[in-house]
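[1] build me a model:
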Amino acid sequence: MLDYHIGAASIARSLANYIVSFLGIFPVFKDNIPAWIGHGQNIGGVLSINILAPILLMLLTLVLCLGVKESSAVNSFMTVTKVIIVIIVICAGAFEVDVSNWSPFVPNGMRSVFTGATVVFFAYVGFDAVANSAEESKKPQ
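    Next comes the predicted model:
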């Protein structure tokens with residue numbers, strides 16, 4: 001249960017940073033976004049408070065509380081959006097491939113491999129939730 005909370009907090013914090021960076025593209029928002037909204041306010045160099053992350057968590061909790069049909073629709077929309085973004089990146093990047101970058105295989109050392117493994121762990125943390133939810137379903141398929 002703790003891994004869900006830690007994963008949700010990590011994802012909400014990184015999503016808040018992405019939202020602030022995305023809004024910075026538009027001139028209307030670029031100079032009007034307070035730094036503490038998305039990037040967090042550092043307190044003593046140890047604690048960093050991010051206001052946008054808990055707001056995002058509350059919005060997602062509200063969607064979950066509305067019901068299965070609504071949360072399923074939001075989940076489907078987000079999944080389609082992610083797949084479209086991946087397809088766009090693959091199509092745009094296909095013309096910029098430079099095979100000389102494939103050597104050496106691990107240029108940043110093993111630390112980068114472990115960092116990537118951590119990201120993949122958080123990406124698949126919800127996989128076991130599907131199995132647990134299927135157990136609770138009336139007609140799992």
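
[2] which stretches of this protein form helices?
    Assigned helices in the chain, in chain order: 2-23, 27-30, 35-38, 52-66, 68-93, 110-123, 127-136 (criterion: DSSP state H).

[3] may I see those organised as CSV, with distance to V46 and mean neighbour count added?
    Heads up, the C-betas are built off the backbone N, CA and C, glycines and all. Compiled in CSV, the helices of the chain are given as follows (distance: least, Cβ to Cβ, whole Å; neighbours: other Cβ atoms under 10 Å):
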stretch, distance to V46, mean neighbour count
helix 2-23, 16, 14
helix 27-30, 30, 9
helix 35-38, 16, 16
helix 52-66, 17, 14
helix 68-93, 33, 10
helix 110-123, 21, 11
helix 127-136, 32, 9
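
[4] residues contacting the closest residue in space to L15 that isn't next to it in sequence?
    In space, not counting the residues next to it along the chain, L15 is nearest to L56; the distance is 5.9 Å by Cβ to Cβ, 6 or more residues apart in numbering. L56 makes contacts with A12, L15, A16, as judged by Cβ atoms under 8 Å, 6 or more residues apart in numbering.

[5] care to break the chain down by domain?
    The record's domain parsing of the chain by automatic domain parsing lists 2-66+98-136, 67-97.

[6] rebuild those domains as CSV, extending it with mean pLDDT.
    Converted to CSV, the domains of the chain look like this (pLDDT from 0 to 100):
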stretch, mean pLDDT
domain 2-66+98-136, 78
domain 67-97, 92
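
[7] now do N101 against I88, distance only.
    Plainly put, N101 is 21 Å away from I88 if you go by Cβ to Cβ, to the nearest Å.

[8] likewise I11?
    Counting by Cβ to Cβ, the separation of I11 from I88 is 22 Å.

[9] if I look at L56, how far off is F105?
    Here the criterion is Cβ to Cβ. By it, L56 lies 37 Å from F105.

[10] what's the answer for I88, then?
    According to Cβ to Cβ, I88 and F105 sit 27 Å apart.

[11] for F95, same thing?
    Distance of F95 to F105, given as Cβ to Cβ: 24 Å.

[12] same thing with V63?
    42 Å.
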